[in-house]
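Colleague: For reference, the sequence and a predicted model appear below.
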Amino acid sequence: MLILCIESSCDETAAAVVRDGRQVLSNVVASQVDVHARYGGVVPELASRKHVEALPVVIEQALAEAGVTLAGIDGFGVTRGPGLLGALLTGLSTAKALAWATGKPLVAVHHMEGHILAPLLEGELDFPFLALAVSGGHTHLYRVDGIGRYRILGQTLDDAAGEAYDKVAKLLGLGYPGGAVIDRLAGEGNPKAVAFPRPMLHKGGFDFSFSGIKTAVLQEVGPAPDPLPAARLNDLCASFQAAMVEVLTVKTLRAAEAEGLTRIVVAGGVACNRGLRKRFSELAATGRFTVHFPSPSLCGDNAAMLGVPADHYLRLGRVAGLDTEPLATWALDQC
Amino acid sequence: MSGVWLAATAGAAETRALGRRLGVLARPGLVVLLAGDLGVGKTCFAQGVADGLGVSPGSPVTSPSYTLLNIHQGRLPLYHFDLYRLSTVEDLEDLGYDEVAEGAGVTLVEWADRLSTPLPCSLRIVLRRVDADRRELRFEAADEAGRNLLAELAGAANTL
């Protein structure tokens, strides 16, 4: 069964063709980074307009790369939420129109379930597992007992991990967004140079808080730092990264142990972070659990990841009506 | 009551408590703009407002920097905007800002000062970092509703 998937919940416009919920035939992301960089950030009005412009292009390309035509598509999977209503509407309306025009079914998917199920596109993975979803807008721990069977174990109480990275990069004069730059410079510095706090590490529960680390970096460098010497900058990046990675890995492992889970999935844009991948891999080497990261092309927002749940729901007959509306706010355990 | 009130807080808990008082006093249609640098406590203040509005602690008030708008249900709906990634007032249209700000909920806008065009509001709050923990909050009323709210807020603070 071939499903054409469409994602437009935030910054990226994306389309993909996925076979049987497991095999990615194409995965096209029209990165809007160029447009956004020119305007100094993401511009939603512009973003929606760009989604509208980019959607036909990415869909045609996804079909072409997969070597199929619309007539060969068995159903349409689309992100229903959470996200910006205007952005979600562009993808959802397009998917509805395609479903109506072709007479094929429409399946509505939660953005985060796409992320945490992405490893299934690259190999076998048994349920249940623990998922750490980390990106600019999300930091959540979920228990995943199957497709559509999720329980929220913990989440950030203030900033998401990716947001903390980008804001600290800004404080360090590395530009915005600069999370990836921190990851790179961290490799050159001393992670023990500055003892940044590890918020909520010793508290019970599995919630996160990253706002305090950001404030601690501000305290360390001052509100308007002169350009920092390279060695000092590297040390600050390494020390910040060490704090973030420790909090994320320790909390995740603790949640896995409490839930009796031995498989861990790390998904979302921050799952590309090399420091995080390295630490999780070191911990996995102890043999107590396995850790699964999607490939970088499946970590950031993309449409292929929607194929896993969309295929499953379509087989169950959980089809969405053409009157389906987007949901800006939508907890994963409510989907 | 003049249109300006200065408050000082000695830590995140006090900043949140001040927000909570505002949340308790808030009336339908209130629009509050929050200005101040990274790490000064804007989201912390917003968490207090949500608490004062009776938003369930089960729905954490997180930073909307990426999501741009988070909606919480309390005694009144709370629309929590963050314009950190925006630059012009047109950008707000796509978020349905006008509809929300003219509605019966409470609207909080972080980083509203990034826009070249000032947004209509009842109250503007500028947060300033004094040192690692201490913050100064400058409340500026922009209309009659804002002045009344400020009088209540300052009065409540003085009786504590």
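Modeller: It's in. Residues are numbered from 1 along each chain as shown, chains lettered A, B, ... in the order given.
Colleague: out of everything not next to it in sequence, what's closest to B:V40?
Modeller: B:L127 (4.4 Å; Cβ to Cβ, 6 or more residues apart in numbering or on different chains). For glycine as for every other residue, the C-beta is placed from the backbone atoms N, C-alpha and C.
Colleague: B:G3 touches B:R147, doesn't it?
Modeller: Yes - here B:G3 reaches B:R147: they are 5.9 Å apart, a contact under Cβ atoms under 8 Å.
Colleague: out of those two, which sits in the busier spot?
Modeller: B:R147 (17 against 14; other Cβ atoms under 10 Å in any protein chain shown).
Colleague: so the more buried one sits right up against B:A141, yeah?
Modeller: Yes - B:R147 lies in contact with B:A141 (Cβ under 8 Å); the separation is 4.3 Å.
Colleague: what do the two both touch?
Modeller: B:G3 (Cβ atoms under 8 Å, 6 or more residues apart in numbering or on different chains).
Colleague: For my notes, confirm A:R184 occurs in a helix.
Modeller: Yes - counting by DSSP: H, G, I helix; E, B strand; the rest coil, one finds A:R184 located in a helix.
Colleague: From A:G86, how far out is it?
Modeller: 34 Å (Cβ to Cβ, to the nearest Å).
Colleague: With neighbour numbers in mind, choose between the two.
Modeller: A:G86 (21 against 14).
Colleague: Spell out which helix or strand contains the more buried one, please.
Modeller: helix A:85-102 (DSSP states H and E).
Colleague: What are the buried residues along stretch A:321-335?
Modeller: If you call a residue buried by 16 or more other Cβ atoms under 10 Å in any protein chain shown, then stretch A:321-335 has these buried ones: A:T324, A:P326, A:L327, A:A328, A:T329, A:W330, A:A331, A:L332, A:C335.
Colleague: contacting residues for the third one?
Modeller: Just to be clear, that refers to A:L327. A:R80, A:G81, A:P82, A:L88.
Colleague: Now the second one: closest residue in space, sequence neighbours ignored.
Modeller: Leaving aside its sequence neighbours, A:G81 sits nearest to A:L327 (Cβ to Cβ, 6+ apart; 3.3 Å).
Colleague: Checking my notes, that neighbour in a strand, right?
Modeller: No - counting by three-state DSSP, A:L327 is not found in a strand; it is coil.
Colleague: Distance of the residue lying closest to A:M305 once chain neighbours are set aside relative to A:G300?
Modeller: Computed as Cβ to Cβ, 6+ apart, the closest residue to A:M305 that is not its neighbour in sequence is A:G114, at 3.7 Å. Distance, A:G114 to A:G300, using Cβ to Cβ: 12 Å.
Colleague: Compare these two (neighbour count), which wins?
Modeller: A:G114 (26 against 21).
Colleague: and that one, what element?
Modeller: helix A:111-117.
Colleague: any idea which helix or strand comes after that helix?
Modeller: Next along from helix A:111-117, by DSSP H and E: strand A:129-134.
Colleague: how about that following strand as CSV, C-alpha atoms only?
Modeller: This file holds the C-alpha atoms of strand A:129-134, laid out as CSV (Å, rounded to 0.1, in the frame of the first residue of the first chain):
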residue,chain,number,x,y,z
PHE,A,129,9.7,1.4,24.1
LEU,A,130,10.5,4.7,25.7
ALA,A,131,10.7,7.7,23.4
LEU,A,132,12.5,10.9,24.1
ALA,A,133,11.2,13.5,21.7
VAL,A,134,13.5,16.5,21.6
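Colleague: Mind listing residues that contact the following helix or strand past it?
Modeller: The element immediately downstream of strand A:129-134 (helix or strand, assigned by DSSP H and E) is strand A:139-146. Under the contact criterion Cβ under 8 Å, 6+ apart, strand A:139-146 has outside partners A:112, A:116-117, A:127-133, A:150-156, A:160-162, A:206, A:208, A:210, A:248, A:251-252, A:255, A:259, A:261, A:265, A:332.
Colleague: before we move on, the earlier item: got any residues that touch both of B:G3 and B:R147?
Modeller: With Cβ under 8 Å, 6+ apart as the test, B:G3 and B:R147 both reach B:A141.
Colleague: where along the chain do the helices fall?
Modeller: If you meant another chain, say so; for now it's chain A. A:33-38, A:44-66, A:85-102, A:111-117, A:161-171, A:179-186, A:211-221, A:230-259, A:274-284, A:296-299, A:307-316 (DSSP state H).
Colleague: The intended chain is chain B.
Modeller: B:12-25, B:42-52, B:97-101, B:144-158.
Colleague: and of those helices, who's closest to chain A?
Modeller: Of all the helices of chain B, helix B:42-52 sits nearest to chain A, with 5.8 Å by Cβ to the nearest Cβ.
Colleague: Quick one: closest of the helices of chain B to A:Q61.
Modeller: helix B:97-101 (33.4 Å; Cβ to Cβ).
Colleague: Buried ones in the closest one, by neighbour count?
Modeller: Quick answer for helix B:97-101 (16+ other Cβ under 10 Å): B:Y97, B:V100, B:A101.
Colleague: Make sure B:E152 is actually in contact with B:L25.
Modeller: Yes - B:E152 is within contact range of B:L25, at 5.2 Å (criterion: Cβ under 8 Å).
Colleague: list residues touching both of the two?
Modeller: Counting by Cβ under 8 Å, 6+ apart, nothing touches both B:E152 and B:L25.
Colleague: what residues does chain B put near chain A?
Modeller: B:37-39, B:43-44, B:47, B:60, B:62-63, B:65-71, B:84-88, B:90-96, B:129, B:132 (Cβ under 8 Å from any Cβ of the partner chain).
Colleague: And the buried ones among these, selectable in PyMOL?
Modeller: Restricted to buried positions by 16+ other Cβ under 10 Å, the PyMOL selection for these reads:
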select buried, chain B and resi 38+39+43+44+47+60+62+63+65+66+67+68+69+70+71+84+85+86+87+88+91+92+94+95+96+129
